[in-house]
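*Asks:* Whatever this is, show me its structure:
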Amino acid sequence: MSFIRETKETENIDNLSFAQKQRLSFIDFSLMFKGSVNRKELTAKFEMGMANATRDLAVYKELAPNNIDFDQKERTYFQAKTFKPLFSYDARQTMAKLSNKISDGFDGVLEIPFPVDAPYQLNVPDIFIVAKIVQAILKQKPISIIYTSLSSGSKAREIVPHTIVDNGLRWHVRGFDRNSKSFRDFVLTRVTKVTIKADTPSAEENKLEDHQWMRMMPLQLVPHPNNVKHPTAIALDYGMTEGQLDITIRAAMAGYLLRRWNVDCTADAELVGAEYQLWLKNRKALFGAENLTIAPGYVPELEEL
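*Replies:* A predicted model of the protein is given here:
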């Protein structure tokens, strides 16, 4: 559900039923992203009569009188020039919903053919595998899995999972691997069987002992000094402040981000190519991170000199 904006109307909205809030959110969403809404759309969405739809539109107009203009000829409410959404919309969540046609029941994503798309995802994990792993994490229990790796093929492993992670390309589960006695990432699509075990994990298997996960690393990203002709464009792309983007990320995730964004991690911005639009200004902050073999241009030996 979209969160209600903190306005003087908030108290009045709080007095409404959950179902009516849902319908008002649909009206607001349609006006925001489609520019219009009518009674027919409301009745089709919520399977209710015209009288109820008329009442909901009247309530919305009472709460936000400057948001809609009624066109008598088309029998449609249009977004007014003074429109300010009654509900708030998180940009990342909304873009994901629009591009993947995901609805939370409060919007019109499924009813409206929005011209927003996303590239094909590499993989989609088996939801039943994911469900078992989530149960184990919530119960703080180890699991036995059948896992297929590039190096050793399919074999049984025991892990103590603590987090499911999206690295931007595919989904992983991170946890303590009892075979290698270390915390590792396991690609979810390579897990073909999960059995929750009854024993209690030891202290060394606890997430708090996953130092790569618990360690937060400050990264300073700037437009590439050699590959970018107009750095302002890159600054706008990444929402930089004074030409620099400061982010804090878990050490275990740093390599994934640097690879996904094609960040040049060499000491002197030496990588050549239009794909390298960013340069890591403070590469020494990476010292000690363990998954940097995938970070473009990063050579750990240089940090030890």
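*Asks:* helix or strand for residue 164, which one?
*Replies:* Here residue 164 is covered by strand 153-166, with elements defined by DSSP states H and E.
*Asks:* Report the distance from that strand to the chain centre.
*Replies:* Centre-to-centre, strand 153-166 and its host chain are 22 Å apart (C-alpha atoms, centre = their mean, to the nearest Å).
*Asks:* So which elements touch that strand?
*Replies:* helix 127-139, strand 143-149, strand 171-177, strand 182-187 (3 or more C-beta pairs under 8 Å, 6 or more residues apart in numbering; DSSP states H and E). Glycine gets a C-beta too; all of them are placed from N, C-alpha and C.
*Asks:* and if we set it to 6 Å?
*Replies:* Using 3 or more C-beta pairs under 6 Å, 6 or more residues apart in numbering; DSSP states H and E as the contact test, the elements touching strand 153-166 are helix 127-139, strand 143-149, strand 171-177.
*Asks:* Now do the buried residues in it.
*Replies:* Within strand 153-166, the residues scored as buried using 16 or more other C-beta atoms under 10 Å are 157-162, 164-165.
*Asks:* can I have it written out in CSV, keeping just the CAs?
*Replies:* Coordinates of the C-alpha atoms in strand 153-166 are reproduced here as CSV (Å, rounded to 0.1, in the frame of the first residue of the first chain):
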residue,chain,number,x,y,z
GLY,A,153,28.8,-30.4,-9.5
SER,A,154,25.8,-31.6,-7.4
LYS,A,155,26.4,-32.6,-3.8
ALA,A,156,24.8,-32.4,-0.4
ARG,A,157,25.8,-29.5,1.8
GLU,A,158,24.8,-28.2,5.2
ILE,A,159,24.5,-24.5,5.7
VAL,A,160,23.1,-22.1,8.3
PRO,A,161,21.4,-19.4,6.2
HIS,A,162,20.9,-15.9,7.5
THR,A,163,19.9,-13.7,4.6
ILE,A,164,18.5,-13.9,1.1
VAL,A,165,20.2,-11.4,-1.2
ASP,A,166,19.5,-9.9,-4.6
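*Asks:* Tell me which strands it pairs with, and in which orientation.
*Replies:* Counting by DSSP bridges, the strands paired with strand 153-166 are strand 143-149 (antiparallel), strand 171-177 (antiparallel).
*Asks:* Other residues contacting the last one?
*Replies:* What that stands for is strand 171-177. 125, 133, 159-165, 183-188, 205 (C-beta atoms under 6 Å, 6 or more residues apart in numbering).
*Asks:* Please apply the same query to the first one.
*Replies:* Around strand 143-149, the neighbours that count as contacts under C-beta under 6 Å, 6+ apart are 136, 154, 156-158, 190-197.
*Asks:* buried set for it?
*Replies:* Residues of strand 143-149 classed as buried under the neighbour-count rule (16+ other C-beta under 10 Å) are 143, 145, 147.
*Asks:* would a markdown table of those with distance to residue 212 and pLDDT be doable?
*Replies:* Rendered in a markdown table, the data for the buried residues of strand 143-149 read as follows (distance: C-beta to C-beta, whole Å; pLDDT from 0 to 100):
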| residue | distance to residue 212 | pLDDT |
| --- | --- | --- |
| 143 | 20 | 97 |
| 145 | 21 | 97 |
| 147 | 20 | 97 |
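*Asks:* ok, of these, which one's closest to residue 282?
*Replies:* residue 147 (35.7 Å; C-beta to C-beta).
*Asks:* How is residue 259 assigned, secondary-structure-wise?
*Replies:* Look at residue 259: counting by DSSP: H, G, I helix; E, B strand; the rest coil, its state is helix.
*Asks:* ignore the last one, residue 44
*Replies:* Of the three states, residue 44 takes helix according to three-state DSSP.
*Asks:* and it, how far is that from residue 145?
*Replies:* Relative to residue 145, residue 44 is positioned 45 Å away (C-beta to C-beta, to the nearest Å).
*Asks:* ditto for residue 240
*Replies:* Distance of residue 240 to residue 145, given as C-beta to C-beta: 41 Å.
*Asks:* got it, and residue 266?
*Replies:* Between residue 266 and residue 145 the distance, using C-beta to C-beta, works out to 38 Å.
*Asks:* Please export the C-alpha coordinates of stretch 236-243 as PDB.
*Replies:* This file holds the C-alpha atoms of stretch 236-243, laid out as PDB (Å, rounded to 0.1, in the frame of the first residue of the first chain):
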ATOM      1  CA  LEU A 236      22.500  13.100 -12.700                       C
ATOM      2  CA  ASP A 237      22.200   9.400 -13.400                       C
ATOM      3  CA  TYR A 238      23.500   8.500  -9.900                       C
ATOM      4  CA  GLY A 239      22.100  11.400  -7.900                       C
ATOM      5  CA  MET A 240      25.600  12.700  -7.000                       C
ATOM      6  CA  THR A 241      26.300  15.600  -4.800                       C
ATOM      7  CA  GLU A 242      29.000  18.000  -5.900                       C
ATOM      8  CA  GLY A 243      30.200  15.300  -8.400                       C
END
